[in-house]
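Chemist: Predicted coordinates and the sequence they were generated for:
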Amino acid sequence: MLIVVVAVLLSVLLGALLVIPQLKKTGNSKTAQKSSMSKVSKTYTKAEISLHNKKTDCWIIIKDKVYDVTSYVEEHPGGDAILAHAGDDSTEGFFGPQHATRVFDMIDDFYIGDLEH
């Protein structure tokens, strides 16, 4: 009788050791799916974007993409120049000669969606 109980317990433990890693893998793929879903872009109207036009809430449009640059306003090397087109299209200013090429890499960090047409 004791041998049967020990055999059953060992079977259960072995089964658990095989199943638990599979459950963890499944959980990770769900997390990956959620994070990739959060990357799905949202569309914004010009009217919505225009409400975000101040230093403490600054969105800009560059080539029909919308960026929330609020957290960058204080760091902007050009000072308040970034606010000249807050809540509006900043494409022309963004591609001006005053910007180093690194801004083209940085801007993606602030992307929140696309301009609705």
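Modeler: Everything's here; your move. Being a predicted model, the structure only gives us computed values, none of them experimental. Numbers count the residues shown, from 1 in each chain.

Chemist: In terms of pLDDT, where does H117 sit?
Modeler: Reported pLDDT at H117 in the predicted model: 88.

Chemist: repeat for K25
Modeler: Value for K25, per-residue pLDDT: 44.

Chemist: Student question: in this structure, what's the helix or strand with minimum average pLDDT?
Modeler: Every helix and strand of the chain was ranked by mean pLDDT, DSSP states H and E. The lowest is helix 2-37, at a mean of 48.

Chemist: A100 - that's part of a strand, no?
Modeler: No: counting by DSSP: H, G, I helix; E, B strand; the rest coil, A100 is not part of a strand but coil.

Chemist: Spatially nearest residue to I107 (excluding sequence neighbours)?
Modeler: Excluding the flanking residues, the one nearest I107 by CB to CB, 6 or more residues apart in numbering is Y67, at 6.2 Å. For every residue, glycine as well, the C-beta is placed using N, CA and C.

Chemist: so the one you found, which of the three states?
Modeler: strand.

Chemist: Roughly how far does it sit from G113?
Modeler: As judged by CB to CB, to the nearest Å, Y67 and G113 stand 9 Å apart.

Chemist: between those two, who's got more neighbours?
Modeler: Comparing Y67 with G113 by other CB atoms under 10 Å, the one with more neighbours is Y67, at 21 against 17.

Chemist: can you pull the contacts of that one?
Modeler: Listed by CB atoms under 8 Å, 6 or more residues apart in numbering, the contact partners of Y67 are 59-61, 107, 110-112.

Chemist: I'd like to know which of those residues are buried.
Modeler: Buried members of the contacts of Y67, counted by 16 or more other CB atoms under 10 Å: 59-61, 107, 110.

Chemist: what would the residues you listed look like in CSV with pLDDT and secondary structure?
Modeler: Formatted as CSV, these follow (pLDDT from 0 to 100; DSSP: H, G, I helix; E, B strand; the rest coil):
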residue, pLDDT, secondary structure
W59, 98, strand
I60, 97, strand
I61, 98, strand
I107, 94, helix
F110, 97, helix
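
Chemist: per-residue pLDDT, R102?
Modeler: pLDDT for R102: 81.
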